[in-house]
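# Quick one, structure for this:
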Amino acid sequence: MEFLMTYGWAILVVLVAIGALAYFGVLNPDRFLPEKCVISTGSGMFCEDHTADTTGITIRVKNILAESVTVTDVSTDTPACAWTGTQAIAADGTFDFALAGCTPASGDKIKADITIAYSKGAAGLARTTTGSIVTTVP
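Residues are numbered from 1 along each chain as shown. Presented below is the predicted three-dimensional model:
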């Protein structure tokens, strides 16, 4: 019985230590995520670069298709953070989409899902692709 009590107290101390580390944010996995911007493959678009500041997020999208695409909406899972309009991107061309409406504070880590509404060619059907962005506001 004494053997089991000794191990029980040791396990309890370890659990309390892990709980304290998690409470104070030492074990927060968001601190260790690398910066990235990814658009799902198969859409013909590529997130070439990204940046964030206290006024919003800017995403540089490259069209890697052999035909032009027309982008009609770029938004994130944050409701107010979006770009609306109509922008044609030529084959092998790029465009910087400035997402307005999101105002992160300096030092914030942004992790958001991206949705892009577009159509291929001159009279293509409407399509949607998704992606994600992880970045830090300087």
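# I would like the residues contacting the helix or strand where Thr58 lies, please.
Element membership of Thr58, judged by DSSP states H and E, is strand 56-63. Contact with strand 56-63 is made by 37, 39, 44-52, 69, 71, 74, 76, 81, 89-104, 110, 112, 114, 116, 133, 135, as judged by Cβ atoms under 8 Å, 6 or more residues apart in numbering. All C-beta atoms are positioned from the backbone trio N, CA, C, and that covers glycine.
# do the same with stretch 115-124
Against stretch 115-124 from outside (Cβ under 8 Å, 6+ apart): 39, 43-45, 61, 65, 67-77, 125-131.
# Can you tell me which of those residues are buried?
With burial judged by 16 or more other Cβ atoms under 10 Å, the buried subset of the contacts of stretch 115-124 is 39, 43-45, 61, 65, 68-71, 73-76, 129, 131.
# Can you say which two of the residues you listed are spatially most distant?
The widest separation within those, taken as Cβ to Cβ, falls between Ser68 and Thr76 and amounts to 24.5 Å.
# Low-confidence regions, the protein specifically.
30-31 (pLDDT under 70).
# ok, which stretches of it are helices?
With DSSP state H, the ranges of helices along the chain come out as 2-23.
# So which of the contacts of stretch 115-124 sit within strands?
Judged by DSSP state E, strands contain the following of those: 39, 45, 61, 69-76, 126-131.
# And for Tyr118, the neighbour number?
23 (other Cβ atoms under 10 Å).
# Please name the bridge partners of it.
Val71, Arg127 (DSSP bridges).
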